[in-house]
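Undergrad: Model the following, please.
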Amino acid sequence: MNKKDIKQDSIIGLLKNLWLHVTPKRKLQLFFLIVLMVIASFAEVISLGALLPFLGMITSPENILIQPNFQIFVKIFDIHSAADLSIPVTAIFCFAVVISGALRITLLWATTKISYRLGADLSISTYRRTLYQSYLTHISRNSSELVASLSTKVSGVILHVINPILIAISSTIILLSILIFLIFLNPKVSVIAFFSFTIIYFFIIKASNSKLISNSKLISVETTSVVKSIQEALGGIRQVLLDGAQEIYCSDYKKSDNDLRKAQASNYFIANSPRFIIESAGMVLIAVIALYLTQSDNNRGTTIITLGIFGLGAQRLLPVLQQIYHSLTSISGNKSALFDVVSLLNQPLPIKKNLNLKKYKHLRFNKDIVLSGVFFRYSKNNPDVLKNINLTIRKGMRIGIIGPTGSGKSTLIDIIIGLLNPTKGELLIDGKNISNENVRFWQTNIAHVPQTIHLMDASIAENIAFGERVDAIDLQRVKKAAKNAQIDQVIESLPLGYQTIVGERGIRFSGGQKQRIAIARALYKRSNIIVFDEATSALDEETEAFLMNAIGELSSHLTILIIAHRLSTLKRCDAIVDVTNGKIKRIGTYSEIVRNSR
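TA: Here you go, the predicted model:
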């Protein structure tokens, strides 16, 4: 499912979609959380109910003593006079208040814990689903938007959507419980008060909803812009420093950040400002209720008791109403972020149950790689990048690939290593067709050395054994790979040897050293095929020649594919494939290609 399949205009639709990604374990926890909400709401009502005898004891203890509903209490505690009421009634009232407070704290703890655990589940799921998408999907995306969604927006959904939903449910249950109790006490006053506050909030929501939605879109867009500005500036910091372009990036960052903060501030104001209106209205309402009760009831003691309960009820109701409103505005204000996160959650995962492990676990490269009538285009509306490619690569061959920029060299390699599927034609390994079902097994045969080497800010050993857990690294195998890549002497001359931290993006190593670490990584993998995708293009000729000699001395059982800009790089190749305009122009030895190029 993609973004087009989700109704962006419906928050309910987005939440239903989000619910599909909640695990059964979390759903069970949410069920128990709702049970706890109901228990907490009963405790809230009991604490209010305990106020009746407490205020009655203070104002007119004689009347309380003769109340029919109070006779069970009189018998249990063996009360004979009004004086005997003070200690048990006060104790019960205090106990009810403490229990109610303890349950509310427990509810807050449980709500927070479950919402953040649920958020962690969703965050991990979005990350996993994103990593499992096809290479074609990744290269068609804006990385800044993806980083913003995976980091900031997922966190925003946890904080501003999931948590508010749970708070809104809890607040609604407590609201209904207190309201039912107040209606039982005085239906007319309770109904009028409740609908007065509800109408005020309704008009506030109606007036502010369009602003919340527009702010939501702005927050989503500017969050991506802020991440993009940071990524581009830090990713190209050398060029930024050389060109003195700091102020340009600062200006872009400032604009995006200011717009983001303004939208967030606007949402915060909209969410919190009605509280002051409602508090003022609540005080006015209490005064009106007091006047009404005084004029309609000649019993001042009963009036004081009723007024006290309504006052405490209003004190509990108003924050609950505000919490519900705040939750609704928070959800509306983060609708676009919710949409982006749900879109990531709807990314498909590989269907592992359909993989025939027995059939493909021995998919090894023993004879040849054949591309038969291969065409490829990146989308339906784009022209073919590769056109009718027919190529056979036998095991153990050194194959060079040359061609002008944009000729389709890298796309050809991506087809061979299974990152891209042919639009038309077949990729055959020892006669077996490579498809989505078995491509992962084919890729276990391949090691890839790209033009831009990705080194982690970790030890050299971890970088060579890339993708392997630290406790599973075979250090002897690491050393052997480093020796074969002719980088072992450099590493062993360092104070910490293979435990030396390479620094972010390998900043502590030269270009040639990075390349050799990358070659060692490829050798550690014990693959049958190593692909050098313009891996030497950024090196000087002397370093490149040194590396090519190192590559040439690798095992003759390895099949090596090399994309290069300079023809001289490919002197030791068995054959060179010249790709031009998406077609194979010619195939020949180094001397044949040089001779025909003159």
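Undergrad: For stretch 423-433, buried residues please.
TA: 423, 425, 427, 429 (16 or more other Cβ atoms under 10 Å). The C-beta positions use only the backbone N, C-alpha and C, and glycine is treated the same way.
Undergrad: Also stretch 221-236?
TA: Buried-residue list, stretch 221-236, by 16+ other Cβ under 10 Å: 221-229, 233.
Undergrad: next one: stretch 138-151
TA: 144-150.
Undergrad: With respect to Phe375, which of these is nearest?
TA: Phe375 lies nearest to Leu146 out of the buried residues of stretch 138-151, by Cβ to Cβ, at 29.0 Å.
Undergrad: could you say which helix or strand contains the closest one?
TA: Taking DSSP states H and E as the definition, Leu146 sits inside helix 143-148.
Undergrad: looking at this structure, which helix or strand does the model trust least?
TA: Counting by mean pLDDT, DSSP states H and E, the chain has its least confident helix or strand at helix 357-360, which shows a mean of 46.
Undergrad: how does this protein divide into domains?
TA: By the assignment in automatic domain parsing, the chain contains the domains 3-345, 395-421+434-597.
Undergrad: Let's have the ones you listed in TSV, adding mean pLDDT.
TA: As requested, those are exported to TSV (pLDDT from 0 to 100):
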stretch	mean pLDDT
domain 3-345	75
domain 395-421+434-597	83
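Undergrad: Ok, which of these comes nearest Asn388?
TA: Ranking the domains of the chain by proximity to Asn388 (Cβ to Cβ) places domain 395-421+434-597 first, at 6.9 Å.
Undergrad: center of the chain, which residue is that?
TA: In the chain, the centroid-proximal residue (Cα atoms, centre = their mean) is Leu150; its distance is 3.4 Å.
Undergrad: need the contact list for that one.
TA: 123, 126-127, 130, 344 (Cβ atoms under 8 Å, 6 or more residues apart in numbering).
Undergrad: how near is it to Arg128?
TA: For Leu150, the distance to Arg128 (Cβ to Cβ, to the nearest Å) stands at 11 Å.
Undergrad: ditto for Ser177
TA: 41 Å.
Undergrad: With neighbour numbers in mind, choose between those two.
TA: For Ser177 and Arg128, the more surrounded residue by other Cβ atoms under 10 Å is Ser177, and the numbers stand at 22 against 11.
Undergrad: The more buried one against Glu44, yeah?
TA: Yes. Using Cβ atoms under 8 Å, Ser177 makes contact with Glu44 at a distance of 6.0 Å.
Undergrad: Now do stretch 260-272: everything it contacts.
TA: With Cβ under 8 Å, 6+ apart, stretch 260-272 has contacts from 208, 211-212, 215-216, 218-219, 222-223, 225-226, 325-326, 329-330, 333.
Undergrad: Helix or strand for Val531, just tell me which one.
TA: When elements are assigned from DSSP H and E, Val531 belongs to strand 529-533.
Undergrad: so how far is that strand off the chain centroid?
TA: A distance of 33 Å separates the centroid of the chain from that of strand 529-533, by Cα atoms, centre = their mean, to the nearest Å.
Undergrad: Likewise for stretch 16-33?
TA: 18 Å.
Undergrad: For burial, what's the neighbour tally of Ser10?
TA: Neighbour count of Ser10, defined by other Cβ under 10 Å: 12.
Undergrad: what's the longest helix seen in the chain packed up against?
TA: Taking DSSP state H as the criterion, the chain has its longest helix at helix 187-235. Where contact means 3 or more Cβ pairs under 8 Å, 6 or more residues apart in numbering; DSSP states H and E, helix 187-235 is packed against helix 143-148, helix 163-185, helix 246-272, helix 274-296, helix 300-333, helix 335-345.
Undergrad: Measure how it sits relative to helix 246-272, angle-wise.
TA: 170 degrees (axes from the mean of the first three to the mean of the last three Cα atoms, to 10 degrees).
Undergrad: now the angle from helix 187-235 to helix 335-345?
TA: 60 degrees.
Undergrad: Distance from helix 187-235 to the middle of the chain?
TA: Chain-centre distance of helix 187-235: 22 Å, with Cα atoms, centre = their mean.
Undergrad: for stretch 433-443, same thing?
TA: On Cα atoms, centre = their mean, the centre of stretch 433-443 falls 29 Å from that of its chain.
Undergrad: SS state for Asn436?
TA: Here Asn436 takes the coil state, with states given by DSSP: H, G, I helix; E, B strand; the rest coil.
Undergrad: roughly how far apart are the nearest residue to Ile204 once chain neighbours are set aside and Tyr201?
TA: Residue nearest to Ile204 in three dimensions, not counting chain neighbours: Pro274, with 5.0 Å by Cβ to Cβ, 6 or more residues apart in numbering. Distance, Pro274 to Tyr201, by Cβ to Cβ: 7 Å.
Undergrad: How about the backbone phi and psi for the closest residue to Leu345 other than its chain neighbours?
TA: Counting by Cβ to Cβ, 6+ apart, Leu345 lies nearest to His21, which is 4.7 Å off, once chain neighbours are set aside. Main-chain dihedrals, His21, degrees, to the nearest 10: phi -100, psi 0.
Undergrad: Tell me who's in contact with His21.
TA: By Cβ under 8 Å, 6+ apart, the contact list for His21 reads 122, 125, 345.
Undergrad: Can you tell me how far Val240 is from Asp252?
TA: Distance, Val240 to Asp252, by Cβ to Cβ: 12 Å.
Undergrad: same question but for Ile519, I mixed them up
TA: Remark: distance between Ile519 and Asp252 (Cβ to Cβ) = 39 Å.
Undergrad: out of these two, which sits in the more crowded spot?
TA: The neighbour comparison of Ile519 against Asp252 (other Cβ under 10 Å) goes to Ile519, with 27 against 16.
Undergrad: my read: the more buried one touches Glu553, true?
TA: No. Counting by Cβ under 8 Å, Ile519 stays clear of Glu553, with 11.1 Å between them.
Undergrad: pretty sure Glu145 contacts Thr224?
TA: Yes. If you go by Cβ under 8 Å, Glu145 and Thr224 touch, sitting 4.7 Å apart.
Undergrad: As CSV, the buried residues of stretch 221-236 with distance to Ile415 would be great.
TA: Listed next are the buried residues of stretch 221-236 as CSV, based on distance: Cβ to Cβ, whole Å:
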residue, distance to Ile415
Val221, 36
Glu222, 39
Thr223, 36
Thr224, 32
Ser225, 35
Val226, 37
Val227, 32
Lys228, 30
Ser229, 35
Ala233, 35
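Undergrad: so which of these comes closest to Val97?
TA: Lowest distance from Val97 to those (Cβ to Cβ) belongs to Thr223, with 43.5 Å.
Undergrad: From Glu232, how far off is that closest one?
TA: 15 Å.
Undergrad: Kindly report the same for Ser208.
TA: Taking Cβ to Cβ, one finds Ser208 at 35 Å from Glu232.
Undergrad: Look up phi and psi at the residue nearest to the centre of the chain.
TA: The phi and psi values for Leu150, taken as degrees, to the nearest 10, are phi -70, psi -30.
Undergrad: cool, and the one 10 residues further on?
TA: The phi and psi torsions at His160 (degrees, to the nearest 10) take the values phi -110, psi 0.
Undergrad: ok so, going back, wait, which of the domains of the chain is closest to Val374?
TA: domain 395-421+434-597 (6.2 Å).
Undergrad: what residues does stretch 590-598 touch?
TA: Contacts to stretch 590-598, defined as Cβ under 8 Å, 6+ apart, come from residues 400, 402, 567, 570-573, 576, 578, 586, 588.
Undergrad: Just the buried residues of these.
TA: Buried among the contacts of stretch 590-598 (16+ other Cβ under 10 Å): 400, 402, 570, 573, 576, 578.
Undergrad: Just to be sure, which of those residues are found in helices?
TA: Taking DSSP H, every one of the buried ones among the contacts of stretch 590-598 sits outside helices.
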